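J.: coords please:
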Amino acid sequence: MRLFDVAINNQTVIKDLDIWKEAGANRALKKTFTAKVSDGILRVSFPNTKSGQAIISAIAIAAVNKTVKPVPAFETITDLKCDGCVYKAWLDEGDKLFTNRTNSIYKLAPALFGAEWISLSRADETKLQFTATDTIDVYLAVEKGNTLILKDFEQLSDSIISDENGGERYDIYRKRFKTGAQVLIDQKKLGMIGILPATGMQPAYDLKPTTSYKANVAATNNNVAKEVVSGGERTVVKNNDSAEITWPIATGVADVYSITVKYNSPAEQDITGSLQLFDVSSNKMVDEAVVFKTTRPGKWNYITINTGSMINAGSYKVKLITKNANGLVVSNIDIQ
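T.: Numbers count the residues shown, from 1 in each chain. Below you'll find the model as predicted:
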């Protein structure tokens, strides 16, 4: 589900990296390379991604020339003024949430892992100010149920959970500030303040919302039936003639989307087919060949393709066409 290239300083050092093939599931895979830096910048990029999205869990950099010195740590804010707060680096689960209490962070929103942050003194009100030394995103963890309106702050879908009272939830709000901006925070019941350099990178693919379309919304031709399989309604190919299954889908934002088909194939040989995407005017936008592998009884396999380029928000249709697929069970498609 991931297949990508890795380049360092515009030179490809890994071609078609398949993490699962090399390391299996939920195991670390480490790669080491030597690179020459001539302008003070080391560039890691992914020039080609054939499936899913590229992923890196950590990067460690060591100098071969021992006389090389690390640059000073860069702080994204200055002139912090507050009562009882502490400016810290590298936010992580288990960190002490407040400066005057022993409570710690039980669950951290993934976007805030490794962020610079301000640990506050627990009080009903928080008043502080600082200056942004770079364009930054400021995240506020606000106690759930706090009805105060945070002007111009966007509420995110994620949260922080502390170990207070068996699990206290703090909703996350975010706002971007430009270099040199004076940031003033005057709110009640804050948990902490996270600070990250602004980036144009999209959220991690794995964290983007997924919409599932099941058999109940699928349209089929006469060679496909809807039956209860493994406790749920599925689409089942009933003979070896041409079979078609079509799902109406909706996309909420303009983006590149993946289409994942969940299936079970009892056939002893591979089954071929095509997965197609049509817009509201029935224009074919994607037509990609797919292969259904033999699947053990009671288990599910997955096929994933993507739209290749960005598509707009709107209504579309996904059509699966196959032949010689008698017995193929298609559970649903996921759009992400």
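
J.: what does stretch 210-218 rub up against?
T.: Contacts to stretch 210-218, defined as Cβ atoms under 8 Å, 6 or more residues apart in numbering, come from residues 226, 232-235, 245-250, 318, 330-336. Placement of C-beta: from N, CA and C, glycine included.

J.: can we see that at 7 Å?
T.: 226, 233-235, 245-249, 332-336 (Cβ atoms under 7 Å, 6 or more residues apart in numbering).

J.: and what of stretch 30-48?
T.: By Cβ under 7 Å, 6+ apart, stretch 30-48 touches 4-10, 12-14, 54, 59, 61, 64.

J.: Same question for it: list its buried residues.
T.: F46 (16 or more other Cβ atoms under 10 Å).

J.: First-to-last residue distance for that stretch?
T.: 20 Å (Cα to Cα, to the nearest Å).

J.: I'd like the numbering to begin with 612 instead of 1 from here.
T.: All right, first residue 612 from here; so that's stretch 641-659.

J.: per-residue confidence averaged over it?
T.: Taken as a whole, stretch 641-659 carries a mean pLDDT of 89.

J.: same question, stretch 906-924
T.: 92.

J.: re the thing from before, ok, so of the contacts of stretch 821-829, who is nearest L767?
T.: Proximity of those to L767 was ranked by Cβ to Cβ; the top entry is Q947 with 18.1 Å.

J.: count of neighbours near that closest one?
T.: Residues contacting Q947 under the criterion other Cβ atoms under 10 Å number 18.

J.: That one and I916, how far apart?
T.: 12 Å (Cβ to Cβ, to the nearest Å).

J.: Now L723: phi and psi?
T.: phi -100, psi 0 (degrees, to the nearest 10).

J.: Could you do A722 as well?
T.: Per degrees, to the nearest 10, the backbone of A722 is at phi -60, psi -20.

J.: Could you single out the nearest of the contacts of stretch 641-659 to L719?
T.: I670 (20.1 Å).

J.: What score does the closest one have for pLDDT?
T.: At I670, pLDDT is 90.

J.: okay, now it: neighbour count?
T.: As a burial measure, I670 scores 7 neighbours (other Cβ under 10 Å).

J.: distance of the nearest residue to it once chain neighbours are set aside from Y750?
T.: Nearest non-adjacent residue to I670, counting by Cβ to Cβ, 6 or more residues apart in numbering: V655, 6.8 Å away. According to Cβ to Cβ, V655 and Y750 sit 25 Å apart.

J.: go on, V847?
T.: From V847 over to Y750 the distance is 47 Å, taken as Cβ to Cβ.

J.: And these two? Which one has more around it.
T.: It is Y750, of V847 and Y750, that has more neighbours when counted by other Cβ under 10 Å, with 24 against 21.

J.: Tell me what the residue nearest to I670 is bridged to.
T.: I619 (DSSP bridges).

J.: could you pull out the helices for this structure?
T.: 630-634 (DSSP state H).

J.: Any regions of it where pLDDT drops low?
T.: Where the chain drops to pLDDT under 70, the residues are 758-760, 813-818.

J.: Tell me how it divides into domains.
T.: Listed by automatic domain parsing, the domain ranges of the chain are 614-662, 688-808, 820-946.

J.: nearest to V682, of the ones you listed?
T.: Closest of the domains of the chain to V682 is domain 614-662, at 8.3 Å (criterion: Cβ to Cβ).
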